[in-house]
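Visitor: Any chance you can model this:
(chains A and B)
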Amino acid sequence: MIYEIRFHGRGGQGVVTAATLLAEAAVFEGLWSQAIPFFGAERRGAPVVAFTRISNKPIRIYSQIYNPDAIVVLDEKLLQLRSILQGLKSNGIIVVNSSEKLKFPKIPSQRIFTVNATSIALKLGLVVAGWPVVNTAMLGAIARVLNIISIESIEECIRRKWRGEMGEKNSLAARLAYENIRERD
Amino acid sequence: MERVAVLSGNHAVAHAVKLCRPHVIAAYPITPQTQIVEKLAEFVERGELKAKYIRVESEHSAMAAIIGASAAGARVFTATSSQGLLYMHEAIWSAAGARLPIVMAVVTRAIFPPWNIWTDHSDILAQRDTGWIIAMAESNQEVFDMIIQAYRIAEDERVLLPVMIGLDAFSLSHTAAPVSLLDQDKVDKFLPPRRAFSFLLDIENPITMGNVAFPDHYMEFRYLIQKAMERAKQVIREVEEEFYEISSRKYGGLVEEYRCNDADVILVLMGAWSGDAKECADKLREEGLRVGVLRIRFIRPLPIEEIKRVSLGRKAVIVVDRDISFGGTGILFTEVSSILQQNSVTVRGFIAGLGGRDVTAKDFAQMVKQVYTDLEVGERRSRVEWYGVKEVI
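Guide: Numbers count the residues shown, from 1 in each chain, chains lettered A, B, ... in the order given. Sure thing, here's the model as predicted:
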């Protein structure tokens, strides 16, 4: 089994942190993983990409991910990018931070899920430098659709990364997203 | 209790260095290495690592500073990449010539111009002839393990040479993967404090180091380095066996052989993409092609016996270089060919993946299949070609 996930977000949204936390949660589950940041000209607000590879065996490939099983979009405006679904498997999954009923040019065998991670973050007061912190909520959402990593492992890894109140709020964000994710047609 | 942490290759290096208890770290930042020395600075700042941390004004000074500290008996560390490594080059020769057991991590990165921060083996291979022991890791776990072993190898009385451990930019340096850490007491037992076998700088007993050697002596110093390099082969194997006792991990000494026993064709390469090459070997075996991978772990000392033993009797040996010696060929290709020249083995070379261009298991399969196709029509000549290069003229 090998499962590949591509995260799309903006510089400053914690995209690389999300990919790494997912990799940590996979290891916590007894699986193997890699978190791969893609380095280009990162700056706050610019589109950024990161990847997570998960397997039940040690991972020895180091080449990039071309055909992800799932795509996670932290900012729905990025859906306007033509390249956003590039390479996604025909049975792939798309998870978007959105409140809208998305009209989206996917192929019928691909499934799309939405969760309003922004409103979850705002409700919990998870705001850093004026931006809602949506990456941890999106991890809860992805845990639900992947079905290979438990929400408890995600929560545990979040609490290990941020001790105290920050950890509690972020793990609650993941839990709320896990409970509120919806499939769209 | 020993734990598994998800660490980038850079942080795996920093954690390993911390366990080795260096006295002096000198550092100058350069992408993609910076995270190594940043993490070490954090360890020193938090008091978790009791080391003198020297911020210097250049890589040349970083090497000069640790040469001085090592000459006074300290265990030392630095890390660099690409231009930084090239700027350090003169001092790198000094470290080996002075027989100092320095350990350095090199995050392999392409050379300017044009600017490129991604992996390429030209920087580390440009240090090939300096008298340093030079190794490349395949994984974050291996780079962690190699750093700890490097001090044992460097400080061994039979060796006393500096060691450079390479890890590929981004594919290892910034990719996080699970790494089994080791307890401090186990590492302390494996790697006791550095013992002084040779002359050390001591203000109570002043000595001169690096004096002139006239033509009637200079050559012997060079011969002694060569002899130490040859002895290092055995030391590398012994140290790995001992490391296995504390970690249950070993990789094969100077090389790692993967499915080579019954192979018709052997892929020879080094670094992170060896994992993709192993994936390729497995896939091609499902199609009935018997392919093996010979991963070069140490390029210096050169694993002459291993390369010869694994290569002889094969239909072809395919060397994939992530470097080019302009006007010549790939550097690994040159090394492998020099070992096999007296034997009738077809050695095919591919220059690939320069400046971080991605090379996948499919790409390796394409190289292997091309060689098989040539062999079928009786084309057995050795040659080197560029893989995947775009039309440029």
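Visitor: what helices or strands is the longest helix belonging to chain A leaning on?
Guide: Using DSSP state H, we find that the single longest helix of chain A is helix A:164-180. With contacts defined as 3 or more CB pairs under 8 Å, 6 or more residues apart in numbering or on different chains; DSSP states H and E, helix A:164-180 has these neighbours: helix A:117-123, helix A:135-146, helix A:151-161. (C-beta placed from N, C-alpha, C; glycine too.)
Visitor: highest average neighbour count across these?
Guide: helix A:135-146 (a mean of 26; mean count of other CB atoms under 10 Å in any protein chain shown).
Visitor: How about residues contacting stretch B:277-289?
Guide: A:60-61, B:258-259, B:263-265, B:267, B:269, B:291-293, B:295, B:320, B:361-362, B:364-365, B:368-369, B:372 (CB atoms under 8 Å, 6 or more residues apart in numbering or on different chains).
Visitor: how about a cut-off of 6 Å?
Guide: A:60, A:61, B:258, B:259, B:267, B:269, B:291, B:293, B:361, B:364, B:365 (CB atoms under 6 Å, 6 or more residues apart in numbering or on different chains).
Visitor: and those residues, which are buried?
Guide: A:60, A:61, B:258, B:267, B:269, B:291, B:293, B:361, B:364, B:365 (16 or more other CB atoms under 10 Å in any protein chain shown).
Visitor: Give me the distance between the last one and chain A.
Guide: With distances taken as CB to the nearest CB, to the nearest Å, residue B:365 is found 12 Å from chain A.
Visitor: Any idea how many residues pack against the closest residue to chain A within the stretch 151-300 of chain B?
Guide: Going by CB to the nearest CB, chain A is nearest to residue B:275 of the stretch 151-300 of chain B, at 3.4 Å. For residue B:275, the neighbour count with other CB atoms under 10 Å in any protein chain shown is 22.
Visitor: ok, and the closest non-adjacent residue to residue B:300?
Guide: residue B:134 (4.4 Å; CB to CB, 6 or more residues apart in numbering or on different chains).
Visitor: Tell me which strands the helix or strand that neighbour falls within pairs with, and in which orientation.
Guide: Per DSSP states H and E: residue B:134 is located in strand B:133-136. When sheet partners are counted by DSSP bridges, strand B:133-136 sits next to strand B:163-168 (parallel), strand B:298-300 (antiparallel).
Visitor: could I get those strands as a markdown table with mean pLDDT and mean neighbour count?
Guide: What follows is the strands paired with strand B:133-136, written out as a markdown table (pLDDT from 0 to 100; neighbours: other CB atoms under 10 Å in any protein chain shown):
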| stretch | mean pLDDT | mean neighbour count |
| --- | --- | --- |
| strand B:163-168 | 98 | 29 |
| strand B:298-300 | 98 | 22 |
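Visitor: quick one, phi psi at the spatially closest residue to residue A:96 that is not a sequence neighbour?
Guide: Nearest residue to residue A:96, sequence neighbours excluded (CB to CB, 6+ apart): residue A:73, at 4.5 Å. Per-residue torsions, residue A:73: phi -110, psi 120 (degrees, to the nearest 10).
Visitor: before we move on, back to that, just the buried ones among the contacts of stretch B:277-289: which are in strands?
Guide: The members of the buried ones among the contacts of stretch B:277-289 that map onto strands under DSSP state E are B:258, B:267, B:269, B:291, B:293.
Visitor: Just the local confidence number for the second one, please.
Guide: By that I understand residue B:267. The score at residue B:267 is 98. That number is its pLDDT.
Visitor: Now flag whichever of the contacts of stretch B:277-289 is closest to residue B:109.
Guide: Residue B:109 lies nearest to residue B:269 out of the contacts of stretch B:277-289, by CB to CB, at 17.6 Å.
Visitor: Show me the shaky parts of chain B.
Guide: Applying pLDDT under 70 to chain B picks out residues B:1.
Visitor: Which positions in it make contact with chain A?
Guide: Contacts of chain B with chain A, taken as CB under 6 Å from any CB of the partner chain, map to B:6, B:171, B:174-178, B:272, B:275-276, B:278-279, B:358, B:360.
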